[in-house]
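Enquirer: sequence plus predicted model, see below.
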Amino acid sequence: MEFRPRNYIAEEESHALPRSGADDHPLFAPSTSSNHHKVDVVDHESHDFFDPLRSPAANAVALNKDVEDGESSSTVSSEAAAEVSVKEWTTFKRFLMQKFPVSKMVSVSLMPDVIIKTGKANVKDSTTKHLKELDDPANFAEEDVKVITGQEYVSRLHELKDEIKRAWTAEDRVTSLKLSIKVARLLMDTSVLQFYPTLFVLVVEIMDMLGNLVWERIKQKAEFGEDGSRLCYLSENFKEINICVEAKETCNNWFCKVGSVRELLPRIYLELAILPCWRFLNDRPANSLQRLVLMTRGLADPLASVYCRLYMAHCARKLPSCDTGHLITSINDIKILLTRVLSTKEAAHGKSVDNRRLLVSLMEPTIEYIMKCIFKDASQRQVGTVLMELGLGRNQVELFGSNPCVSVVLHHLLKELPTEIVGSYAVEILHLIEYSNDKSYDQCLNYRLLGFRLCERRPTLDILNAAVDRIIQVVTLLDELDDFLKVVDPYVDIILQNQMDNHLNTILEGISERACKKEIVDNDVVGLQSILMKILSHFKDLEDVFALGHFLEILDVMYGSSRISIDMQILNMATRNGCINDPTTVQLLFEICQALHDGIDFVNSKGDDYQAARLISRFVLMVDYGAEMERHLTFLVECRGAFGSINELKETLVHSSNHLATKALKDGRKHLSFVKSCIAFSEVTIPSISDHIRQLNLYIETSEVALLAGLISHSDGLVDSAISCLQSVDLINGCSGVRLRCNGGTVPPLHPAVGSTWIDGSIGIQRLGATVARYHRSLTPVDVDGMVTSIQKLCSLLVIVPGNPELGFTHTLKSILSLITSQSWITSKIKIRISCAIVSLSATLSQNKLPYNADLEILSNDLLFYGDSSYVQELLSFSEHVLQNLVEIIEQEPSGAVRGSMALEACNCIAASFKINHNIQPVCSKLIETAKSNLSTNDAYLQSTIKVLDKHLPTSGISASTTI
């Protein structure tokens, strides 16, 4: 056997691509005077294509088309509007039931018989009930309260809905009407306040169903005669004159039946249900709405009254055209009701403050929906008219006077006002909010809402200044931190965008004063998070943020997930713009990292906690003390002590320490003691990393640094530690650690591919970017490839590590070979790849000129053992032993395809490492035959391998015996 001599420089030149100079940089924009080829765009006029949009008569044709389709377009638009209305109502009902969920048990006084299915079993005659009430009124009242589960109540109403529909289908419309009246009567009972919104939704669904059934019946009578013949087709915008007499009589009969209902509330609901049917009798059906609004004033219960108005607003949207007069009247009536409810003299439902608060919250959704209906598609002049009719504006110019408004009404009015109105009258609205301070709604939320509305569209600067000045005056009078934060939160955006620094300082000072008075609660922390996030998002330089007065004081009082979010945002900003050099900033960020580390359990971390770990690691990597390298190393020691539970950070610490060492070596060997300290830091840190594959890579990297510094003994010890790591890796049982995919490397891996060339490159340590992903599973093929690549990289490092004659030239190679042969978990495929790397390393070490070296005063093996025949002979003897193992491993592989692929890989390695003589040729021939017997004859890898073998054998005996 004889190693193949290699001339790496010549091989590199032969494989290099030819280069030629370029006149211009390829990324520069071409100059106008350059002679580059240009594409001339020629407009070949063609009269074959007619563009209707460029025709002179195009507009006229389009106009005629619009006129012809006017009626159909209006029909489509009205249908679309109706569909939108239905969707909005469905969404609102869902919101209503979610906001006020049904309780498990519902206690109802005077349970209606329509709900009790057992009938007479639970019903006492009126005489017995009256006598019992006279004997013991209190006991009678308690016994008369019925309890039913909320789910049973809801199920019974669904059953009633089905009964009404079945009766209608059976043409028993009297029963349908009677049942509908009984269902409408359920809304008269408001004894269980929390249940009323759900009851309302269920009842109005039945009312809507009845209204649709009546509408379809009358419409059918208008379009078809008794014999089934079609009389006419009613368009979407039909008139009363198009309706036949019989249909009108039927319609009038329904209104008479509804009008004869004794109770006011069910009478109003039933007429609203069939409200669209007025179109069969009157071309102006909306005229009846004002009458119905006035009828609702006869409802004594405020809750039943406002929900009846809510249903009226919904039913009015079914009419083709309707003004907002009845809605404005409803809002004014609701304001009166709320004033009575909130007054101390008159307290509904037991004069309880909690009940009053609950009652207002139940009434609030009705105000919200009616306000949406009022301002839907309203012009600015219409808005002015509405505000005047609501009693807020004096005229179209003074839209907001000094008259107060109920707070909850004002809140939803402010929600729906056009942004132009809000921006133009911001100061006047602020005064109105000040006047409107009652218990129906939190006044701070109205200030807050105004701020958000001003952010939608920025008004003029003078209005903004006046509004913010007034808000600052308001918040200085607030004692509670929660109220302070609620008000200033939206205005922080305005202040930052308009650079009102004095106001920002005032707000931060106010927050600091109130936060330090007493312990803050969770709601306060959430408000602080919102404000601090806005500040951090606005400033680009973190030092400007830290320079703000009281910012760090406010940060110190925060805790929990909000504090973690702020800390992560700060670290994200800090690591976004390059190195961190300022010592004060480094110390502040270090304390922030400590707070973040203490708030997260990194040992059992999940999800977003990985991001926090990466940010801390990124911060440590970005710190740069410049020439103060010892201070930097001290910082790394502090980080190891403070963040010891973060595995990812330990790797970053090793990278930073190695970087410091290489940085010190640039000034020569005068910092050698410091370099030793860095290497010692890395040697102590690496064993604490849980994943052995990551340890292997870090040991290799640190060994390279030691070799750069000329510390041969340190380098040898680190290489031994790297090999020891391999003995601790268990691929079968799996391991819990962090898989590292490392980009960048200082020494190219040794790949035994045929025709490969060694690219000479000096070893240097870089900051290595790493992508980490935590797992708890067996190692995948990707992980195995990573481990094999690391071993190949170790072999590449051994090219320049001086050999030890006392232990033997191949001591380290034998340790690697012993490892792969002794560990049962290493598969045959891994053994082949590592064995090929060892053979290639042996062939490289035998060369008179190595492909690369440490580029220092360290003598490599090509100089240490130049001309030493025992050195080459030991390498050959060791390689022969490895080749025998290679052949045995291939023969023992049970899978044919894998065996063929392994044979080709080994054959390429042998051809690249040895001269093909009478000793090597039989081995190569045997491997080729093994590959041919297990792979396709058209396999490209097989064919290229045979060509390479022929190239290395001028008088080949292989091609003849291995012809395909």
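Expert: Alright, I've got the coordinates.

Enquirer: got a list of what Lys257 touches?
Expert: Counting by Cβ atoms under 8 Å, 6 or more residues apart in numbering, Lys257 makes contact with Leu177. No exception for glycine: its C-beta is placed from N, CA and C like everyone else's.

Enquirer: name the element it belongs to?
Expert: Taking DSSP states H and E as the criterion, Lys257 maps to helix 245-259.

Enquirer: quick one: distance of that helix to the chain centre.
Expert: Its chain's C-alpha centre and that of helix 245-259 lie 57 Å apart, by Cα atoms, centre = their mean, to the nearest Å.

Enquirer: in that helix, what's buried?
Expert: 247-248, 250-251, 254-255, 258 (16 or more other Cβ atoms under 10 Å).

Enquirer: any idea which element Leu875 lies in?
Expert: Following DSSP H and E, the helix or strand that holds Leu875 is helix 869-892.

Enquirer: show me what that helix packs onto, helices and strands only.
Expert: Using 3 or more Cβ pairs under 8 Å, 6 or more residues apart in numbering; DSSP states H and E, the elements in contact with helix 869-892 are helix 811-822, helix 828-845, helix 896-913, helix 921-934.

Enquirer: hmm, 7 Å instead?
Expert: In this structure, helix 869-892 makes packing contacts with helix 828-845, helix 896-913, helix 921-934, judged by 3 or more Cβ pairs under 7 Å, 6 or more residues apart in numbering; DSSP states H and E.

Enquirer: tell me the pLDDT at the residue nearest to Lys534 when sequence neighbours are not counted?
Expert: Using Cβ to Cβ, 6 or more residues apart in numbering and skipping residues adjacent in sequence, the residue nearest Lys534 is Val492, 5.1 Å away. Model confidence at Val492, given as pLDDT, is 95.

Enquirer: cool, the one 3 residues further on as well?
Expert: At Ile495 the predicted local confidence, pLDDT, stands at 94.

Enquirer: shaky segments in the stretch 1-150 of the chain?
Expert: Filtered on pLDDT under 70, the stretch 1-150 of the chain yields the residue ranges 29-78, 104, 106-113, 116-146.

Enquirer: 80 instead, please
Expert: 21-82, 103-148, 150 (pLDDT under 80).

Enquirer: what distance separates the helix or strand following the helix holding Lys257 from the centre of its chain?
Expert: Note on helix 245-259: by DSSP H and E, the next helix or strand toward the C-terminus is helix 264-273. Here helix 264-273 is found 48 Å from its chain centre; the criterion is Cα atoms, centre = their mean.

Enquirer: how about residues contacting helix 264-273?
Expert: Residues outside helix 264-273 that contact it (Cβ atoms under 7 Å, 6 or more residues apart in numbering) are 180-181, 184-185, 187-188, 207-208, 210-211, 258-259, 261, 292, 295-296, 298-299, 304, 308, 311-312, 315.

Enquirer: just put the helices and strands packed on helix 869-892 in CSV and tack on mean neighbour count, mean pLDDT and distance to Ser14.
Expert: Shown next, in CSV, are the helices and strands packed on helix 869-892 (neighbours: other Cβ atoms under 10 Å; pLDDT from 0 to 100; distance: least, Cβ to Cβ, whole Å):
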stretch, mean neighbour count, mean pLDDT, distance to Ser14
helix 828-845, 23, 91, 18
helix 896-913, 22, 91, 15
helix 921-934, 18, 90, 24
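
Enquirer: nearest to Val719, out of these?
Expert: helix 828-845 (12.8 Å; Cβ to Cβ).

Enquirer: how big is the angle separating the closest one from helix 811-822?
Expert: Per axes from the mean of the first three to the mean of the last three Cα atoms, to 10 degrees, the angle that helix 828-845 makes with helix 811-822 is 170 degrees.

Enquirer: now do the next helix or strand after helix 828-845: distance to the chain's middle.
Expert: For helix 828-845, the succeeding helix or strand toward the C-terminus, using DSSP H and E, is helix 861-864. Relative to its parent chain, helix 861-864 has a centroid offset of 59 Å by Cα atoms, centre = their mean.

Enquirer: just confirm Val492 is within a strand.
Expert: No - Val492 is assigned helix when assessed by DSSP: H, G, I helix; E, B strand; the rest coil, not a strand.
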